[in-house]
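Trainee: The sequence and its predicted three-dimensional model are supplied below.
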Number of protein chains: 2
Amino acid sequence: MARRSTKEHIVDVAIALFNERGSAAVSTNHIAEAAGISPGNLYYHFRNKEEIILEAYERALRAYDEAWAHAGAAPPSPQTILDLLEETFEAQWEYRFFQREMSWLVQTNEPLRDRYRNIMRTRLAYYRSLIRAWIAAGICQPLPEERLDDLVLASWVVGEEWLAYLEAMGEATDQKAVRRGGRLILEVFRPYLVDFEPRSSVAAQEGTS
Amino acid sequence: MARRSTKEHIVDVAIALFNERGSAAVSTNHIAEAAGISPGNLYYHFRNKEEIILEAYERALRAYDEAWAHAGAAPPSPQTILDLLEETFEAQWEYRFFQREMSWLVQTNEPLRDRYRNIMRTRLAYYRSLIRAWIAAGICQPLPEERLDDLVLASWVVGEEWLAYLEAMGEATDQKAVRRGGRLILEVFRPYLVDFEPRSSVAAQEGTS
């Protein structure tokens, strides 16, 4: 792998510190020190902590998009979605301070708030259109519009909260626990899915891990 | 109503500030100033901000318990649970900084963390036993143990995240929106509930509000 730029290195170090201590307790000076550079060098790349957080968020978004690029154009099957969700939870674990702090961060970091809300609205719209495509294809039973909206929202909120829940409760945060969020999201829709029996890639690998 | 004690007044003021600015941005000096008392007087009642947060949490718990005292001893019906959930969401809106910050607060406030986890485990156990009682009474279809566990957890997480979601997304936070969390929680179980058609007390009152 090519040597990481100073800018990338700053973000690496910042993400690790945010995950460990919470972003409120980490200053740009802490980040510079942990990165082994001067505060002046850090300020050459980022004007303040908010900009570093924003760059970390862009990175989390890219990790998400990379996973979902495999979803393809035709509506993916429930099992494909489950696999992608599990993969996504594992990837987002690297940026878990966002799941822990987002509802607080958006109060104080305006560019992050705008970006976050935009992305969430796009993803929610994709999610709704996916369920509609499943209904059209006979994969999902027909649902009244209000009901579909409630189910999308309920399962969405599960996904947004899962990692924060694990941490807040002091639960195990191994691969299996982190990936369970994928199954919980789909569990909400399961009664309406025709002939769907979820297979977790983790459960399948359990004997070998 | 009897005049509130200085101690209660401090907690009133602190909760308002935490909701408005986030607890990290509020110092004991800010609280004393907004309460119109000296920092010394505040320290007579609370050793630090963590103790004030803990007292606010006890108050939120009492509000919750007061609502759920109406649940009664026999298993309450799904409609009763929906009414109680809606009431709970409205009551907890007064302490919304907890929903916004809890996964972060438990990292830094050890007594709060212990209290929180304890309470959550008790409530989750009650919730599981309620669904089992519904199954025994024929109100809910039988469910395999693992499935029941997933459904309880998924809908639980919806409840824990609902107010934080509304705020993070900049959605309306009127009574109807806040209470919707109750319906979303129950929506997860709805396909398994026999002859249950939820009636929201908000929707029913909509014409008069």
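Mentor: Nice, thanks for sending it over. Numbers count the residues shown, from 1 in each chain, chains lettered A, B, ... in the order given.
Trainee: give me the low-pLDDT residue ranges for chain A?
Mentor: Within chain A, the stretches with pLDDT under 70 are A:1-2, A:201-209.
Trainee: which residues in it form helices?
Mentor: Using DSSP state H, the helices of chain A run over A:6-21, A:28-35, A:39-45, A:49-68, A:78-92, A:96-108, A:110-136, A:145-168, A:175-189, A:201-205.
Trainee: can you pull the buried residues of stretch A:41-48?
Mentor: Residues of stretch A:41-48 classed as buried by neighbour count (16 or more other Cβ atoms under 10 Å in any protein chain shown): A:Leu42, A:His45, A:Phe46. Backbone N, C-alpha and C define where each C-beta goes, glycine included.
Trainee: what about it, near chain B?
Mentor: No. Contact between stretch A:41-48 and chain B is absent, the nearest approach being 15.8 Å (criterion: Cβ under 8 Å from any Cβ of the partner chain).
Trainee: Would you mind pulling the contact partners of that stretch?
Mentor: For stretch A:41-48, the external contacting residues (Cβ atoms under 8 Å, 6 or more residues apart in numbering or on different chains) are A:Thr6, A:Lys7, A:Ile10, A:Thr28, A:Ile31, A:Ala32, A:Ala35, A:Ile52, A:Glu55.
Trainee: let's see 7 Å
Mentor: For stretch A:41-48, the surrounding residues in contact (Cβ atoms under 7 Å, 6 or more residues apart in numbering or on different chains) are A:Thr6, A:Lys7, A:Ile10, A:Thr28, A:Ile31, A:Ala32, A:Ile52.
Trainee: tell me which of the residues you listed is nearest to chain B?
Mentor: A:Thr28 (16.6 Å; Cβ to the nearest Cβ).
Trainee: quick one, domains of chain A?
Mentor: A:1-47, A:54-195 (automatic domain parsing).
Trainee: so which of these is the most packed in?
Mentor: The highest average neighbour count among these, using mean count of other Cβ atoms under 10 Å in any protein chain shown, belongs to domain A:54-195 at a mean of 18.
Trainee: For the helices of chain A, please prepare a markdown table with the additional fields distance to B:Gln141.
Mentor: Shown next, in a markdown table, are the helices of chain A (distance: least, Cβ to Cβ, whole Å):
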| stretch | distance to B:Gln141 |
| --- | --- |
| helix A:6-21 | 41 |
| helix A:28-35 | 53 |
| helix A:39-45 | 57 |
| helix A:49-68 | 34 |
| helix A:78-92 | 21 |
| helix A:96-108 | 33 |
| helix A:110-136 | 23 |
| helix A:145-168 | 18 |
| helix A:175-189 | 15 |
| helix A:201-205 | 24 |
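Trainee: Nearest residue to the middle of chain A?
Mentor: A:Gln92 (4.4 Å; Cα atoms, centre = their mean).
Trainee: rewinding a little: put together CSV for the domains of chain A, with distance to B:Arg180 on each row.
Mentor: Converted to CSV, these look like this (distance: least, Cβ to Cβ, whole Å):
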stretch, distance to B:Arg180
domain A:1-47, 30
domain A:54-195, 8
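Trainee: so which of these comes closest to B:Tyr192?
Mentor: Nearest to B:Tyr192 among the domains of chain A is domain A:54-195; the distance by Cβ to Cβ comes to 7.0 Å.
Trainee: between the contacts of stretch A:41-48, which is nearest B:Gly170?
Mentor: A:Ile52 (23.4 Å).
Trainee: how many neighbours does the closest one have?
Mentor: The local packing of A:Ile52 (other Cβ atoms under 10 Å in any protein chain shown) involves 24 other residues.
Trainee: Kindly report the residues of chain A close to chain B.
Mentor: A:22, A:24, A:100-104, A:106-108, A:117, A:120, A:150-151, A:153-154, A:157-158, A:160-162, A:164-165, A:167-170, A:183-184, A:187-188, A:191 (Cβ under 7 Å from any Cβ of the partner chain).
Trainee: which ones are touching A:Thr28?
Mentor: A:Pro39, A:Leu42, A:Asn48, A:Lys49.
Trainee: Spatially nearest residue to A:Leu153 (excluding sequence neighbours)?
Mentor: Excluding the flanking residues, the one nearest A:Leu153 by Cβ to Cβ, 6 or more residues apart in numbering or on different chains is B:Leu184, at 6.2 Å.
Trainee: right, I mislabeled it, should have said A:Arg4
Mentor: A:Asp12 (6.9 Å).
Trainee: From A:Arg59, how far out is that neighbour?
Mentor: 9 Å (Cβ to Cβ, to the nearest Å).
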